[in-house]
Every structure is written in C-alpha cells, then in structure tokens.
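Asker: Return atomic coordinates for the entry below.
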Amino acid sequence: MTDILENYAGSRAAAAELAGAMINLGTGALALNQFTPTAISLGPALAAMLAQYLAISSFPLGATLGGAWYGLFPAAPSALLVGVTTGGMIAGMSVATAFAGVVTDPVQRRFRLHQRRLRRMLDVLQSNFQGEGGQAFVAREAYAARILDLIDILRTMHRTLT
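Answerer: Numbering: from 1, shown residues only. Down below sits the predicted model:
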C-alpha cells in the first residue's frame, strides 16, 4: 500500500517536472528557435546568445560593424559563462518547479486528470484490499518527463559527436 501512495505522490512531482520542461521548451523556442526541454540544453544556448550579444555590443568600431563581424565569425562562450548560465537556469528552474503546482493543479483539475488518477489509485487499493491480486498503481507522468530527458540526452550526444 505504501508503494501505491508513494507512486501517486510522485505523480505530482512528475507534473511539476513536465511544467518545468514546458517552460524550458517555450523559452528556447521563443528566444532561440531551438528545442530545449531541459536546463542542460537551454543553458549553453543562452550562454552562446549572451556571448554573441556582449561581443557585438563591445566591438571597438561600434555595434553595427560588430554585428557584421560577429555575423561572419560568431563569438564562442567561455566555459565559465556556460557553467554560470546553466547553473543559473538549473537554480531558476528549481524554484519555478517548486511552485509549478500553482499552475499545473488548476489545469489538471480542469481536464479532470487528478480525478482520473485518484480513481485509478483507489481501484487498485480496493482490489488489493479485497484480495483480488497484488496490482500495482503506475503513474504515467514520470515516464513522459523521462522521455523528454532521454530526447535531450540523445540530441546532446548527437551534437557532440558530429
């Protein structure tokens, strides 16, 4: 029974993770026109954009010529800038994910996701209490969050190897 309740409680954390991934995806799509489901993929992309902006704005002959120069020869972010930007994204997403329930709970309530998940859990508990078998309750939200992580890992590996 404890496993079932822990799995149910874990579904709320998974919903928060999915909300964080949607924030990352939206930020990456709007700011960078890129697929960025995690802070690990969003951080370096934002660092590259920031390095480019800083290089253009501090070009000795002005921003117009700097834009032309760095349009031909893009600025590369330092490892420190990538680390600080990615770390900042991870910290920011941790805070956003902690409060994601404020947004995700009303959405899930509206689409009756909470009710369906709760009924599924109660059905499993009832059948286990009645001795009809040792069924397990599985919250599928955690799998969706891991699929996004897997896609991001595969994309990162592909970029690194090519």
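
Asker: Not counting its own residues, what contacts stretch 35-45?
Answerer: 21, 24-25, 27-29, 32, 34, 77, 82, 85-90, 92-93, 148-149, 151-152, 155-156 (C-beta atoms under 8 Å, 6 or more residues apart in numbering). In short, each C-beta sits where N, CA and C put it, glycine included.

Asker: From residue 77, how far off is the residue positioned nearest the centre of the chain?
Answerer: Central residue of the chain (C-alpha atoms, centre = their mean): residue 21, 2.4 Å from the mean position. Counting by C-beta to C-beta, to the nearest Å, the gap from residue 21 to residue 77 is 23 Å.

Asker: re the thing from before, so the residue nearest to the centre of the chain makes contact with residue 145?
Answerer: Yes: counting by C-beta atoms under 8 Å, residue 21 does reach residue 145; the two are 6.7 Å apart.

Asker: low-confidence ranges in this structure?
Answerer: The chain contains residues with pLDDT under 70 at 133.

Asker: now the strands: where do they sit in it?
Answerer: Remark: no strands are assigned in the chain by DSSP state E.

Asker: Show me where it has its helices.
Answerer: For the chain, the helices defined by DSSP state H cover 2-27, 39-57, 63-72, 79-98, 101-110, 113-129, 141-161.

Asker: hey, which of the ones you listed is tucked in deepest?
Answerer: helix 39-57 (a mean of 19; mean count of other C-beta atoms under 10 Å).

Asker: tell me the contacts of the closest residue to residue 141 other than its chain neighbours?
Answerer: Counting by C-beta to C-beta, 6 or more residues apart in numbering, residue 14 is the residue found nearest to residue 141 once chain neighbours are left out, at 3.7 Å. Counting by C-beta under 8 Å, 6+ apart, residue 14 touches 139, 141-142, 144-145.

Asker: Quick check: buried residues in stretch 132-140?
Answerer: For stretch 132-140, a neighbour-count test (16 or more other C-beta atoms under 10 Å) marks 137, 139 as buried.

Asker: Redo the helices of the chain as CSV? Include distance to residue 135.
Answerer: Formatted as CSV, the helices of the chain follow (distance: least, C-beta to C-beta, whole Å):
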stretch, distance to residue 135
helix 2-27, 9
helix 39-57, 36
helix 63-72, 60
helix 79-98, 30
helix 101-110, 23
helix 113-129, 5
helix 141-161, 18
